[in-house]
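1. Structure for this input, please:
(2 chains)
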Amino acid sequence: MTGSPGREQVSRVLQQHGALMVLAALVIVGSVAFDSFATAGNAASVLVSSSFTAIIAVGMTFVIISGGIDLSVGSLFVFGGVLAAYGSQYGLFVALALPLAACGLVGLLQGLLIARTGMAPFIVTLAGLLGVRGLMLAFSDEGATTYLVEDSAFARLGQGGVFGLTWPVYITALLAVAAMVLLQRTAFGQNVYAVGGNEQGAALMGVPVARTKVYVYLMSGLLAGLAGVLNAARLSSGVTILGIGLELDVIAAVVIGGTLLTGGAGGITGTIAGVLLLGVIQSLINQVGNLTSAFQQVVSGLFLALVVVAQRLLGRAQRLG
Amino acid sequence: MSQSAAPVLEARQISKRFPGVRALDGVSLALFPGEVHALVGENGAGKSTLIKVFTGVHRPDAGELIYDGSPVAFGTPLDAQRAGISTIYQEVNLVPMMSVARNLMLGREPRGRLGVIDTAGMYGEAERILAGYGVVTDVRRPLRTLGMGAQQMVALARAVAVDARVVIMDEPTSSLEPREVETLFSVIRKLRDDGIAVVYVSHRLDELYEVCDRVTVLRDGRVAHTGPLAGLERLKLIALMLGRDLDEVRTGGLTRFSRDRHRTGDRDGAQPAVQAVGLTRRQALRGVDVSVWPGEVVGLGGLLGAGRSETAKGIVGALPLDAGRVLVAGLPLRTGSTTAAIRAGVSLLPEDRKAEGIIPALSVRENIALAALPSLSRAGVVSDAKIDKVVEVFMHRLRIKAASPHQPVQELSGGNQQKVLLARWLAIRPKVLLLDEPTRGIDVGAKAEVQALVDELAEEGLGVLLISSDLEELVEGADRILVLREGAVVGELSGDDVTEDKIMASIAERGAESDG
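-> Predicted structure coming up:
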């Protein structure tokens, strides 16, 4: 009684690769419509500006597949950046290790609270969002102190590169591939899907549910911190006003990429496509010229709504199949 | 049945309390290698709790668990599973969105180079294992696209494949077709021959007698009986489960329907209470005609997947129809709208009461009053006094056992939850009641009460459509039976023709599946 496998398969492919298809279509349309769109320079600028969101989105994908949410990533991003700039006066190692340790610790604490006490991820990470931003502000005298990057090796990490692309783009690509392998080809990845798909069932099948959740939030915290570090290196300073509402952009990108907000399904490819899609929309709107960036948010919002409706319909098609 | 050996798993004087309930009270049970041990009892007898103690979900308050000759305390299901105790649950506890292969192999995926999962190897292994259980499918598909039977087989294959020494099965056949049940039984016998101890929990007596060697009867958290199953009379077994006198059970019959099943319904010139014509739905229904007259119980017979639930859902508008219409007392009903059906007096008691019926956190009172709220309120304001009255009447009449009307429904037993649902629909005074498996998964006592109630309601002029997988219940409960097969009515039985043999014959008649 499972019905036509063809239709079921089509809807599954759409679910997983819909964002990629729309991305390809937009790139083609943009190339035809605007001379200055399909240039190496523009492509590089889209990739560079998307890479920081993408790093955070990779962590968020794990969190959402596991059935959770992480609202603290925007705050961790800016916290990581400020700590990195501060740490850079003591050299490259401290500039990297200090923010990663701090953000990892926050992620770990959030994970422990969620996994061990059964508190709702939304609330725990909302507390993280507020608390970490407060911590960052306290650290920087209400944002009055801006830390400049003093170590040039660290600055090169964000600004240098090869073949017209900066190092963060390559780091993002490496991380994405590693995350794909982790998600698809390791027991940990399988556990993430199982926990998000049926937590009770997963526990009965012997999946270490709590441990899996802790790792997922730890990872998300680390990656948000890393994105902040790289961004600080790019800007040569720890800017305290960044990252407000960034967690929502990241969640939007992950969902547009086909990961179900209810958990249990999704993937890294889709997330990367979702991040790039939002980047390309922004770039296209810049090409039009007389539209403000506010318009970009309207389009992104509409697009997100469209994706959620489409997922709902596709989900129904798969069930009825 | 080499039972001379030492027990592989033994419970000694296990007790377990939950707030307000003594779930297990000094229960002892020994499981020997190579036996199939039936564990039976009414709901609330302590079967589930005992199983959860065996599998490390619960820790006993007192008593000890002896595994392989030494005391053990499993902290988690994983501990128990690693030690060799596997469980398959009544509701398939796998991950629906993950692929069949990944579900089957979760936690022991074959590794390739660099320690990553060898996907090709995993698919091959999964296919090979499943073939042994008669499941041939594309193992890369999401599990949820499989039928329930096949999903249950995946769960079983998973449980057995982990080098289990004890396999616990909690109502494994509740969603299987007869053919699949046979496959399951052959697997169980093979396990037994391999020296594995199987604990088999089921409400279906036929199955117990077919596959089990010994039986332990639990009642109110204590062991009421342990012994070989062969030679134990069925009525005696039921009496043990119910804790009643054997003679009382004998005179009462196995079900509580009245023996008089020759009501023909009130047909004098009137219209059928509900009449469905040509219900059609892609892959589920192929032109089903059903009519129920006031005061009669019409049974729907057939195998799982024959379209019984779909027919009922189609009538009340819970399943979108491709074609067909429904008349209530001669007037056409807007299809596809459950609200219209309820207004017209047609109510469905759904099969899956957890997902489709009760609202667990609300009280008994609120659950009962839910559907009747429009008739109990004026200008949108609900009358508390009227609700209290209705709730009181039905709690009394249906003998709903709850501490108070304000107790959350989730704390009641399955049977009482079912009665709350029945009360909800009766409170709106329906003309036709569609009952989908009204006694599935509820204990024998509550079952009898629900059956008696169905009888009573029909006597009062209600039209009832009864769906049941329990042939005995169908035969004793229904005045007339329509047999469905593959989404079409293939036979109609009434009067003296309403027998189990004739239903089975009708199912088998043109059935390709009858060989299975």
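2. rest of the way, CA atoms for contacts and neighbours
-> Fine.
3. number of nearby residues for residue 110?
-> Answering for chain A, as no chain was given. 26 (other Cα atoms under 10 Å in any protein chain shown).
4. wrong chain, I was asking about chain B
-> There are 18 residues near B:Pro110, going by other Cα under 10 Å.
5. So it is in contact with B:Tyr123, correct?
-> No - at 9.7 Å, B:Pro110 does not count as touching B:Tyr123 under the criterion of Cα atoms under 8 Å.
6. Now do the contacts for A:Ile69.
-> A:Met60, A:Val63, A:Pro121, A:Phe122, A:Thr125 (Cα atoms under 8 Å, 6 or more residues apart in numbering or on different chains).
7. State the helix or strand in which the first one lies.
-> Secondary structure from DSSP states H and E places A:Met60 in helix A:40-65.
8. Give the buried residues for that helix.
-> By neighbour count on 16 or more other Cα atoms under 10 Å in any protein chain shown, the buried set for helix A:40-65 is A:43-48, A:50-65.
9. And B:Pro228, its phi and psi?
-> Note on B:Pro228: its backbone torsions stand at phi -60, psi 150 [degrees, to the nearest 10].
10. Quick check: closest non-adjacent residue to it.
-> In space, and not counting its chain neighbours, B:Pro228 is closest to B:Arg214: 4.1 Å by Cα to Cα, 6 or more residues apart in numbering or on different chains.
11. Within reach of chain B, which of the contacts of A:Ile69 are there?
-> When Cα under 8 Å from any Cα of the partner chain is applied, no member of the contacts of A:Ile69 is adjacent to chain B.
12. pLDDT added to those, as CSV?
-> Listed next are the contacts of A:Ile69 as CSV, based on pLDDT from 0 to 100:
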residue, pLDDT
A:Met60, 95
A:Val63, 96
A:Pro121, 94
A:Phe122, 93
A:Thr125, 93
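13. Show the model's pLDDT score for residue 95.
-> Just so you know, I chose chain A. According to the prediction, A:Ala95 has pLDDT 86.
14. Let me rephrase: I mean chain B.
-> pLDDT, read off for B:Val95, is 86.
15. so B:Val57 sits right up against B:Gly75, yeah?
-> Yes - counting by Cα under 8 Å, B:Val57 touches B:Gly75, with 7.4 Å between them.
16. Between the two, point out the one with more neighbours.
-> Remark: of B:Val57 and B:Gly75, B:Val57 carries more neighbours, 20 against 14, as counted by other Cα under 10 Å.
17. which residues does that one contact?
-> Counted by Cα under 8 Å, 6+ apart, B:Val57 has contacts B:Gly75, B:Thr76, B:Pro77.
18. Indicate the residue of the stretch 101-250 of chain B located nearest to chain A.
-> When scored by Cα to the nearest Cα, the stretch 101-250 of chain B has B:Ile117 as its residue closest to chain A, at 4.6 Å.
19. by contact count, what packs against the helix or strand where B:His396 lies?
-> Per DSSP H and E, B:His396 falls inside helix B:384-397. Packing partners of helix B:384-397 (3 or more Cα pairs under 8 Å, 6 or more residues apart in numbering or on different chains; DSSP states H and E): helix B:364-369, helix B:414-426.
20. Save the ones you listed as TSV, and put in mean pLDDT and mean neighbour count too.
-> Formatted as TSV, those follow (pLDDT from 0 to 100; neighbours: other Cα atoms under 10 Å in any protein chain shown):
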stretch	mean pLDDT	mean neighbour count
helix B:364-369	84	26
helix B:414-426	82	25
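21. Any idea which of those gets closest to B:Leu9?
-> Among these, the nearest to B:Leu9 by Cα to Cα is helix B:414-426 (29.3 Å).
22. Who are the packing partners of that closest one?
-> Looks like helix B:414-426 contacts strand B:346-349, helix B:364-369, helix B:384-397, helix B:444-459 (3+ Cα pairs under 8 Å, 6+ apart).
23. Now do the contacts for whichever residue of the stretch 51-200 of chain A sits closest to chain B.
-> Taking Cα to the nearest Cα, chain B has its nearest neighbour within the stretch 51-200 of chain A at A:Arg185, 4.6 Å off. Applying Cα under 8 Å, 6+ apart, we find A:Arg185 in contact with B:Val116, B:Ile117, B:Asp118, B:Thr119.
24. how about the strands in the stretch 51-200 of chain B?
-> Assigned strands in the stretch 51-200 of chain B, in chain order: B:62-67, B:70-72, B:85-88, B:166-170, B:197-201 (criterion: DSSP state E, counting those that start in this stretch).
25. B:Arg82: how many residues sit nearby?
-> For B:Arg82, the count of nearby residues is 14 (other Cα under 10 Å).
26. make that B:Arg192, sorry
-> B:Arg192 is flanked by 18 other residues according to other Cα under 10 Å.
27. Look up how far chain A lies from the residue nearest to it when sequence neighbours are not counted.
-> Spatial nearest neighbour of B:Arg192, chain neighbours left out: B:Gly34 (4.4 Å); criterion: Cα to Cα, 6+ apart. According to Cα to the nearest Cα, to the nearest Å, B:Gly34 and chain A sit 24 Å apart.
28. try B:Thr339
-> Taking Cα to the nearest Cα, one finds B:Thr339 at 22 Å from chain A.
29. any idea which element that residue lies in?
-> In this structure, B:Thr339 sits in helix B:338-344 according to DSSP H and E.
30. go on, B:Val326?
-> Here B:Val326 is assigned to strand B:323-328, by DSSP H and E.
31. Direction included, what does that strand pair up with?
-> The pairing partners recorded for strand B:323-328 under DSSP bridges are strand B:274-281 (antiparallel), strand B:331-333 (antiparallel).
32. Now do the buried residues in that strand.
-> Buried residues in strand B:323-328, counted by 16+ other Cα under 10 Å: B:Gly324, B:Arg325, B:Val326, B:Leu327, B:Val328.
33. between those, which is closest to B:Ala11?
-> Nearest to B:Ala11 among those: B:Val326, at 55.7 Å, using Cα to Cα.
34. Next up, the contacts around that closest one.
-> Here B:Val326 is in contact with B:Val274, B:Gln275, B:Ala276, B:Val277, B:Ile315, B:Pro332, B:Leu333, B:Arg334, B:Thr335 (Cα under 8 Å, 6+ apart).
35. Surely B:Thr311 touches B:Gly278?
-> No - B:Thr311 is beyond contact range of B:Gly278, at 10.4 Å (criterion: Cα under 8 Å).
36. Show me which of the two is the more surrounded one.
-> Taking B:Thr311 and B:Gly278 together and counting by other Cα under 10 Å, B:Thr311 has the greater number of neighbours (30 against 17).
37. In contact with the more buried one: list those residues for me.
-> By Cα under 8 Å, 6+ apart, B:Thr311 lies in contact with B:Leu279, B:Leu285, B:Val288.
38. now do B:Pro110
-> B:Ile117, B:Asp118, B:Thr119, B:Gly121, B:Met122.
39. For stretch A:41-53, which outside residues touch it?
-> Identification of contacts with stretch A:41-53 by Cα under 8 Å, 6+ apart yields A:36-37, A:164-166, A:168-169, A:172, A:227-228, A:230-231, A:250, A:275-276, A:279-280, A:283.
40. Just the buried residues of those residues.
-> Among the contacts of stretch A:41-53, those that count as buried by neighbour count (16+ other Cα under 10 Å) are A:37, A:165-166, A:168-169, A:172, A:227-228, A:230-231, A:250, A:275-276, A:279-280, A:283.
41. how close does A:Gly81 get to A:Gly243?
-> Distance, A:Gly81 to A:Gly243, by Cα to Cα, to the nearest Å: 10 Å.
42. ditto for B:Glu127
-> B:Glu127 sits 48 Å away from A:Gly243, going by Cα to Cα.
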